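Trainee: Got a predicted structure plus its sequence, pasted below:
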Amino acid sequence: QVQLVESGGGLVQAGDSLRLSCAVSGRTFNYYLIGWFRQAPGKEREFVAGCTWGGIRTDYTDSVKGRFTISRDNTKNTAYLQMNSLKPEDTAVYYCAAGRGTISYMTSYDYWGQGIQVTVSS
């Protein structure tokens, strides 16, 4: 089993920055993908960003390219999502997940955190 716990969410204003963290524990996860997803009220959960645990490959949804950056610190077993220039439409519950397969496919991810709220006011 792999456990994931998100932190760092909150309420910010448009244009501000936030950094989400995802602490990973449990089974060896060096070969796992790490992804960030989000779900806004009334909408389906969507892929935001992901990377191989080695960080060699990353992928982002178009709406966050140039604003969000995914990274990981293997020594701390933690992944991060740096979110800059936040917009009201970024408001959602953000989830980190671990899995294997194609980075942007939700079906690649077997383990999920409980989610954390990010609210961006205009």
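Mentor: Yep, it's here.

Trainee: Flag the shaky bits of the protein, pLDDT-wise.
Mentor: Under the criterion pLDDT under 70, the flagged ranges of the chain are 28-31.

Trainee: Please enumerate the strands of it.
Mentor: 2-7, 10-13, 18-26, 33-39, 46-52, 58-60, 68-73, 78-83, 92-99, 109-112, 116-121 (DSSP state E).

Trainee: Pick out the residue closest to the middle of the chain.
Mentor: Closest residue to the average C-alpha location of the chain: residue 36 at 2.3 Å, with Cα atoms, centre = their mean.

Trainee: In the sheet, which residues pair with it? Tell me.
Mentor: residue 49, residue 96 (DSSP bridges).

Trainee: Verify the stated contact: it with residue 93.
Mentor: No - between residue 36 and residue 93 there is no contact under Cβ atoms under 8 Å: 11.2 Å. Backbone N, C-alpha and C define where each C-beta goes, glycine included.

Trainee: What sits closest to residue 26 if chain neighbours are left out?
Mentor: residue 2 (4.2 Å; Cβ to Cβ, 6 or more residues apart in numbering).

Trainee: OK, contacts around that neighbour?
Mentor: 24-27, 29, 32, 98, 110-111 (Cβ atoms under 8 Å, 6 or more residues apart in numbering).

Trainee: For residue 70, see how far away residue 59 is.
Mentor: 9 Å (Cβ to Cβ, to the nearest Å).

Trainee: any shared contact partners between those two?
Mentor: 49-51.

Trainee: now, among the residues you listed, which is nearest to residue 87?
Mentor: Nearest to residue 87 among those is residue 49, at 15.4 Å by Cβ to Cβ.

Trainee: thinking the closest one is in contact with residue 58, fair?
Mentor: Yes - at 7.0 Å, residue 49 counts as touching residue 58 under the criterion of Cβ under 8 Å.

Trainee: which residues do these two both contact?
Mentor: With Cβ under 8 Å, 6+ apart as the test, residue 49 and residue 58 both reach residue 70.
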